[in-house]
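J.: please work out how this folds:
(one chain, ligands or ions: 2)
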Amino acid sequence: MAENGSTNQSDKILATNAKFVPTALSASGGEDLACDSDACDPVDWQTAMRLAVRNSKQLLEILGIPFGRADSSGSGDSAVFSGIQGEQDFPTFVPLEFLRRMKPGDANDPLLRQVLPIAAEDVPQQGESADPVGDLDSLSAPGLLHKYHGRALLVVSGACGVHCRYCFRREFPYQQESGPVDRWNQAIEYLQRNPEIEEVLLSGGDPLTLTDQALSHLIDRLETVEHVRRLRIHSRMPIVIPQRVTDRLIDRLTGSRLTAWLVVHANHPRELDEHVLNALARLINRGIPVLNQAVLLKGVNDDSKILADLCRRLVDHRIQPYYLHQLDRVRGATHFDVSVDHGRQLMKELREVLPGYAVPQYVVEQSGEPSKTPI
Ligand SMILES: *Cc1c(COP(=O)(O)O)cnc(C)c1O
Ligand code: SF4
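T.: Ligands and ions are numbered 1, 2, ... in the order given. Next up is the predicted model:
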């Protein structure tokens, strides 16, 4: 193995590309962020959000990947990385904490592929839709989706800690669905009128982009709905910016009369570095169950060895693999599509090598169905 571990290597890349790092980073001491992450305090999560890389050109420059060399299909066609419509509609957003886990110089890095806009996004494909899962038909109150029995999903934030190019919510009109502080009133009233709802999911966007204070205020309100018993938070923040798992957050969740569950979202074993695993262990040690959902993505995890490694790493750290999602046919994301036949084959291979509890359920979301559909 080379003298420099991958951490050192990527740190060096960050350090030597200081001119590409946002001004705030240099102002707050770029050295700190570029130092070995074990030997320095990470910035708080809101600073991490501010420091996130916001365009693909800069992303490639930091990683030392020549502009236009990465390509979508492996066919050798070079992609154009700036000015593609896909990036204008859904800008690049990658926190440095996540970027550091990518391999410098590797245009096909599985973490990079998830966040790098490529020209293939602009090519319209058959069967794509802006709202592939029928969310816009299920709004029960502003921001509230009640599709399934017993649980309702509250879209609490349009913001995310990372922009995933395959995301089915990339075209969701959040602006219409969020508003000022009293924006929850109608959702809370709806919950009150529907005693069959015993679980509320906080989703988005990413609900953990709300401050601890805003989240706490929202939980206060949910706690007033007597028949609601559980609170489930769906978030990728602990994966991309692990310092989002603050003591205050953990205290609020463990102090609630609602039973809190956390569902994180990691697609590749390399997303689970020691900082992420430590953050999740702090939650689990305090009694909060943590599950993981992944999306089956071409060029990222469409390989049984990678998926098995992901699942093993999860269960080694007491995190239960929950769902493996078939990609929703959202506009601009078809180049990530893996066929259902291949997905089934991968699941078969997973069952052959993993204990039953470590195998996620392979599901697809179909409009109008009363649950996710097992494949
Ligand atoms: C996926 C989803 C849920 C949660 O489904 P589970 O199978 O309980 O994880 C709830 N509401 C909506 C609208 C969803 O899309
Ligand atoms: S909602 Fe989740 S999958 Fe979509 S961009 Fe945000 S973090 Fe990524």
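
J.: Leu145: neighbouring residues, count only.
T.: A count of nearby residues for Leu145, using other CB atoms under 10 Å, gives 23. Where C-beta positions appear, they are placed from N, C-alpha and C, glycine not excepted.

J.: show me what contacts it?
T.: By CB atoms under 8 Å, 6 or more residues apart in numbering, Leu145 lies in contact with 135, 138-139, 152-155.

J.: excluding its backbone neighbours, what's nearest Arg236?
T.: His265 (4.3 Å; CB to CB, 6 or more residues apart in numbering).

J.: wait, which of the contacts of Leu145 is closest to Leu96?
T.: The closest of the contacts of Leu145 to Leu96 turns out to be Val155 (CB to CB; 27.0 Å).

J.: contact partners for the residue nearest to Arg236?
T.: 234-236, 239, 292-295.

J.: where's Pro195 relative to ligand 1, distance?
T.: As judged by CB to the nearest ligand atom, to the nearest Å, Pro195 and ligand 1 stand 17 Å apart.

J.: disregarding residues adjacent in the polypeptide, which is nearest to that residue?
T.: Closest residue to Pro195 apart from its sequence neighbours, by CB to CB, 6+ apart: His227 at 4.6 Å.

J.: looks to me like the one you found is in a strand.
T.: No - if the criterion is DSSP: H, G, I helix; E, B strand; the rest coil, then His227 is coil and not within a strand.

J.: burial check on it, number of neighbours?
T.: Using other CB under 10 Å: His227 sits among 11 other residues.

J.: for Gln345, same thing?
T.: What Gln345 shows, counting by other CB under 10 Å, is a neighbour count of 12.

J.: nearest residue to it other than its sequence neighbours?
T.: Nearest non-adjacent residue to Gln345, counting by CB to CB, 6+ apart: Ser304, 7.9 Å away.

J.: that neighbour touches Leu350, doesn't it?
T.: Yes - Ser304 lies in contact with Leu350 (CB atoms under 8 Å); the separation is 6.0 Å.

J.: neighbour-wise, which of the two wins?
T.: Set Ser304 next to Leu350 and count neighbours by other CB under 10 Å: Leu350 wins out with 21 against 18.

J.: want to throw the contacts of Leu145 into TSV with distance to ligand 1, secondary structure and neighbour count?
T.: Shown next, in TSV, are those (distance: CB to the nearest ligand atom, whole Å; DSSP: H, G, I helix; E, B strand; the rest coil; neighbours: other CB atoms under 10 Å):
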residue	distance to ligand 1	secondary structure	neighbour count
Asp135	7	helix	19
Ser138	6	coil	16
Leu139	10	strand	17
Ala152	7	strand	24
Leu153	4	strand	22
Leu154	10	strand	25
Val155	9	strand	23
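
J.: alright, I will stop here.
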